[in-house]
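Chemist: need a 3D model of the following:
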Amino acid sequence: MPGNPSRPPRTLFDEADELALRVPTSCRRTGRCRECVVEVTAGEEHLGPRTDPESFLRPPFRLACQATVNGPVEFDVVRRRLRIVVPEAAERATPSTAAVYGLAIDVGTTTLALELVDLEAGLTVEVIAIENPQRFGGSDVMNRISYDASQPGELRQAVRRAVNGELRELYRRTGISRRQVSEVVVVGNSTMRDLFFGLDVQPIGERPYKSSTELELLAGERDTTALERAAWELGLKVHPKARVWAPPLVASHVGADVAADLVATGVGTRDGVEMLIDVGTNTEVVIAAGDRIVAASCPAGPAFEGGGVTYGMQASEGAIESLRLDGAGFRYETIGGAPPQGICGSGLIDLVAELRRAGRMSPKGVFADRSFTIDVDPAEGISFTRADASALAQAKAANSVGQWVLLRELGIDPAEVDRLHLAGGFATYVDVRNAIEIGFLAPVRPEVVVKVGNAALRGARELLLSASARERLEELVARVEHVELETTPDFFELFVDGCQFKPLPARVATGGRLAG
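Modeler: Sure, this is the predicted structure:
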């Protein structure tokens, strides 16, 4: 029988309603707010043609309120809620209509995190972490920069809408008024920070790969790369006159998030040899020894955050976070004890280490029986392929080379490291020995590794509460020497060797290929 012509067509938003999926929107599903971005994972051929409001999106992304459905479709809401790592014993502030608040924001390439802080008590009220909604613009900063050139303003609007959407929900839950939030600190890598503030990010994507603020600093046109705006200028749902401040960049792609990491960890302020490794889509490595601090950015890509790996995913409910071989199969644990949906970064490191330890995969990622697939959970259809191993190998190599080049720059052997601060989305759950065995981490003594979780957000919180911390940070950042990995003469040889799943050499080579 023909359908009812007066009945509106069914959309992905209707599908989400039936599945009880929370899809963000603030325009009553008219397509104006562009907040309801979903990623279509199967059945795209069963969707109607793209509408004008969707013109800023590339496949496989659609607006849930615009995409009409005429058959089975599978999709994910882009803003997936992620696991938040906070100290269990941390004292929390009780929301009050009389208190004054500040907001710390960490704009990561993959993750967006917010922390509301009672400025008078110095205590946290709530922490929120979601997927960065800018994913439709690409999985790494270079793709985001390219997208921003073709669709200027869309990425900026997406992240601001996401922040405001979370703030609206936060105010509703707590009874706090937006006018009580009088100070905001925003951290992120150079691209993410500048996109948030509405700056042109094209200079970061081309030589010499520097923010416009860094170029102006070098030209003597400003005295800091830190940024400051009034909230009303950025359209944030806090007090209109609230100050929005972002820390200075270190250099090039080593951004304000690393500056905040330094505040949170104290790297560069103590004696001894300390390393900081902040693992993400762009991994940053910092080493402080004596009177020198060196830093580098490693274009690791999103593999260890789920990108480019068939069943890879971020650390959200249902992700396999730890894994061990058990006879011919695997024994694993998932986040929240939920049915497995995929494997997050810590689980991927365990998987590779277990396969190597059992001789089921060579250092070059070749499976022992020359097959192309290893079943992790056949019943759930979760597997690991040669292509997945290759994606992880390249991401791991970028991390490895960054660590190795900086150690070599200072003439330091891994055994001489007094403390290694491991930061990032999955750092708290990584098995350190497994990470060292596959060469993801330099062969430091495992007992010197300190897992610091989201150090960038913690540093942003400290900067929110202390004006003197901001002044000290300017002095510290000025001391950091930036090392451009791509200009290292033997970078390619180091990268090729780093693609193997084996421990990095125990001693620093003086040049050439990785020894050991």
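Chemist: state the mean pLDDT of the helix or strand hosting Arg408.
Modeler: Using DSSP states H and E, Arg408 sits within helix 386-410. In this model, helix 386-410 has a mean pLDDT of 93.
Chemist: same check, this time on stretch 167-178
Modeler: Rounded mean pLDDT across stretch 167-178 is 96.
Chemist: again, but for stretch 105-120
Modeler: Stretch 105-120 shows a mean pLDDT of 94.
Chemist: and if you look at stretch 247-262?
Modeler: On average, stretch 247-262 scores 96.
Chemist: check which residues of the helix holding Arg408 are buried.
Modeler: 386, 388-389, 391-410 (16 or more other Cβ atoms under 10 Å). The way it works is simple: take the backbone N, C-alpha and C, and place the C-beta from them, glycine included.
Chemist: where does pLDDT dip in the chain?
Modeler: 1-7, 26, 79-90, 506-516 (pLDDT under 70).
Chemist: let's see 50
Modeler: Along the chain, segments meeting pLDDT under 50 span 1-3, 87-89, 509-516.
Chemist: tell me where it has helices.
Modeler: Listed in chain order, the helices of the chain (DSSP state H) span 12-18, 141-150, 154-174, 190-196, 212-218, 231-234, 256-265, 345-357, 386-410, 432-437, 455-465, 467-479, 491-498.
Chemist: now distance to Val38 too, for the ones you listed, in CSV please.
Modeler: Formatted as CSV, those follow (distance: least, Cβ to Cβ, whole Å):
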stretch, distance to Val38
helix 12-18, 6
helix 141-150, 18
helix 154-174, 13
helix 190-196, 22
helix 212-218, 33
helix 231-234, 26
helix 256-265, 28
helix 345-357, 23
helix 386-410, 24
helix 432-437, 33
helix 455-465, 26
helix 467-479, 39
helix 491-498, 36
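Chemist: which of those helices sits closest to Pro443?
Modeler: The closest of those to Pro443 is helix 432-437. By Cβ to Cβ, the value is 5.4 Å.
Chemist: touching that closest one from outside, list them.
Modeler: With contact meaning Cβ atoms under 8 Å, 6 or more residues apart in numbering, helix 432-437 is reached by 349-350, 352-354, 356-357, 422, 441-444, 446, 449, 503.
Chemist: pull out the buried positions in that helix.
Modeler: Neighbour-count burial for helix 432-437 [16+ other Cβ under 10 Å]: 432, 434-437.
Chemist: can I get that helix as CSV, trimmed to CA atoms?
Modeler: Only the C-alpha atoms of helix 432-437 are listed here, as CSV (Å, rounded to 0.1, in the frame of the first residue of the first chain):
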residue,chain,number,x,y,z
VAL,A,432,53.7,-0.3,31.1
ARG,A,433,55.7,-3.5,30.7
ASN,A,434,53.7,-4.4,27.6
ALA,A,435,54.2,-0.9,26.2
ILE,A,436,58.0,-1.2,26.7
GLU,A,437,58.1,-4.8,25.2
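Chemist: off-centre distance for that helix?
Modeler: Computed by Cα atoms, centre = their mean, to the nearest Å, the separation of helix 432-437 from the middle of its chain amounts to 21 Å.
Chemist: can you check stretch 357-372 too?
Modeler: The answer for stretch 357-372 is 29 Å, by Cα atoms, centre = their mean.
Chemist: contact partners of that stretch?
Modeler: Contacts of stretch 357-372 (Cβ under 8 Å, 6+ apart): 325, 352, 355-356, 374, 385-387, 389-390, 392-393, 437, 499-502.
Chemist: what about it, how long is it end to end?
Modeler: Using Cα to Cα, to the nearest Å, the end-to-end distance of stretch 357-372 comes to 19 Å.
Chemist: follow-up on the earlier one: and the contacts of helix 432-437, which is closest to Leu217?
Modeler: Using Cβ to Cβ, the contacts of helix 432-437 come closest to Leu217 at Leu422, 30.5 Å.
Chemist: any idea how many residues pack against the closest one?
Modeler: 22 (other Cβ atoms under 10 Å).
Chemist: over to Asp200?
Modeler: 14.
Chemist: gap between the nearest residue to it once chain neighbours are set aside and Gly198?
Modeler: Nearest residue to Asp200, sequence neighbours excluded (Cβ to Cβ, 6 or more residues apart in numbering): Ser212, at 5.8 Å. Distance, Ser212 to Gly198, using Cβ to Cβ, to the nearest Å: 11 Å.
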